[in-house]
Every structure is written in structure tokens, then in C-alpha cells.
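>>> got a sequence here, can you build the structure:
(2 chains)
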Amino acid sequence: EDKVVQSPLSLVVHEGDTVTLNCSYEVTNFRSLLWYKQEKKAPTFLFMLTSSGIEKKSGRLSSILDKKELFSILNITATQTGDSAIYLCAVERTSGTYKYIFGTGTRLKVLA
Amino acid sequence: NAGVTQTPKFQVLKTGQSMTLQCAQDMNHNSMYWYRQDPGMGLRLIYYSASEGTTDKGEVPNGYNVSRLNKREFSLRLESAAPSQTSVYFCASCRGNQPQHFGDGTRLSIL
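As a prediction, this is how the structure comes out:
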């Protein structure tokens, strides 16, 4: 059965710390891996990764995919209280009953 | 830009009541999705519609029905609400292999 596993489930850090969030997957017909940030309401898109080893970066956030070891990491440097959110990982499949499989998310809290 | 609009934002129902959650998108997306989000469970797909006129079951379809009314609108209906359907419901849409855009969610409580 296809699955996406995120770790840790929750994390508390202080402002200025660097955090690494993990997402591992066992999915047939892999197309891409996506990261979303969810604050109070709608998940908002961060990154889409399709190729191994190519880092995607946006400000203090970066992410990379390893298709051999079947995982991705999301790094946040110099964390701020505004980074507090649930970070969701999803894998898109090329075929199957439904396209997207989501992990349970990592809840990040950044303390001032 | 409105994006994906869900109504209502909150709803409380009694067991056995029925209701319809509405979703509309203004981005001309072909695909639309309904998810539920429960603590510790992540987002689970209820139903999706790859294009106007088609709908398919997702991971947890029991107790729900959907209607793709036109390209813009995709509604989710609970015919006889049960306490197990207490959840936050998200609608999403996308075009092709682009990332999904999500609505702000409907928080549904069933007593």
C-alpha cells in the first residue's frame, strides 16, 4: 500500500534555530513530491520536486528530493515565529485510484 | 483573486441531518478534489473530479456524494450526517500536473 510518512510529528524550536523536516515515501508510479505550509486555514504551496538532487530554494526555505532513498527534506534556516505552522508533504502519482497521497504533517512551533 | 471559495466556513449538524458543502474555483481548473482533515490523519481524499462531468471515489468516500455541477463548482453532500464525519473539509483544484490550490476549509461538527 502506498504511503507517505513525515517526521517528526511535532517540533518546538526557538527563533533563529534551523530545522529539518523529513518526508519518506513508498509510492508506485511516482511523479512528484510537494510541500505545503498550513497555518490557520488553507494549505499553501511551497515546493514541487521531480528530480533527485536539485535543491529548490525560496528565501529561508529549501528542499531536496532523493529518489533513490525515497525521501525529501525541507529545511528552514533562521526560523521566525511566522514559520509556526503544519508542514504537509504530498506525493503525486502518475496513475492509480487517486493522484495525491498526503503525509500526516509536521507541526512546527517557533518560540520568540 | 478569489481562487477556491468554500461555503459555509462553519456548520453544526445533528446526527441524521443532511447538508451540502459548496466549492467554486475561478482559475479555470479541470480537476477538483474534496478532502477531510482529522487530527493525526493528514488530508484524506473523499472524492475527486478530473474534469467536468466525471467524478471518482477517493480513499474515504462512504457517507458522501458529490456533484460536479460545471467546470467551476464541485459540491459535497452528506445525506445522513454521523458524528464520525466531524472534521475539517477542504476543497482543492488544479490544472494538469500543477500544484493544487486549496480553499480555506469548512469546519463541520456533528452532534
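>>> quick check: chain neighbours aside, which residue is closest to residue B:29?
Distances taken as CB to CB, 6 or more residues apart in numbering or on different chains put residue B:93 closest to residue B:29, at 4.0 Å, once the chain neighbours are dropped. C-beta coordinates here come from the backbone N, C-alpha and C atoms, glycine included.
>>> show residues contacting the helix or strand containing the one you found.
Here residue B:93, judged by DSSP states H and E, is contained in strand B:87-94. The contact list for strand B:87-94, computed with CB atoms under 8 Å, 6 or more residues apart in numbering or on different chains, reads A:42-43, B:4, B:6, B:21, B:23, B:25, B:27, B:29, B:31-38, B:43, B:46, B:74, B:76, B:100-103, B:105-108.
>>> residues near residue B:19, how many?
15 (other CB atoms under 10 Å in any protein chain shown).
>>> so which bits of chain B are right by chain A?
B:4, B:33, B:35, B:40-45, B:48, B:56-59, B:90, B:97, B:99-105 (CB under 8 Å from any CB of the partner chain).
>>> so of those residues, which ones are in strands?
Counting by DSSP state E, the part of the residues of chain B next to chain A found in strands is B:4, B:33, B:35, B:42-45, B:48, B:56-57, B:90, B:101-102.
>>> from those residues, list the buried ones, please.
By neighbour count, with 16 or more other CB atoms under 10 Å in any protein chain shown, these hold B:4, B:33, B:35, B:42-45, B:48, B:90, B:101-102 as buried.
>>> the closest residue to residue A:88 other than its chain neighbours - how many residues pack around it?
Spatial nearest neighbour of residue A:88, chain neighbours left out: residue A:36 (4.3 Å); criterion: CB to CB, 6+ apart. Counted with other CB under 10 Å, the neighbours of residue A:36 add up to 22.
>>> distance check, residue A:36 against residue B:79.
According to CB to CB, to the nearest Å, residue A:36 stands 31 Å off from residue B:79.
>>> what do you get for residue B:100?
Residue B:100 is 26 Å from residue B:79, by CB to CB.
>>> more crowded one of these two?
Applying other CB under 10 Å to residue B:100 and residue B:79 shows that residue B:100 carries more neighbours, namely 25 against 12.
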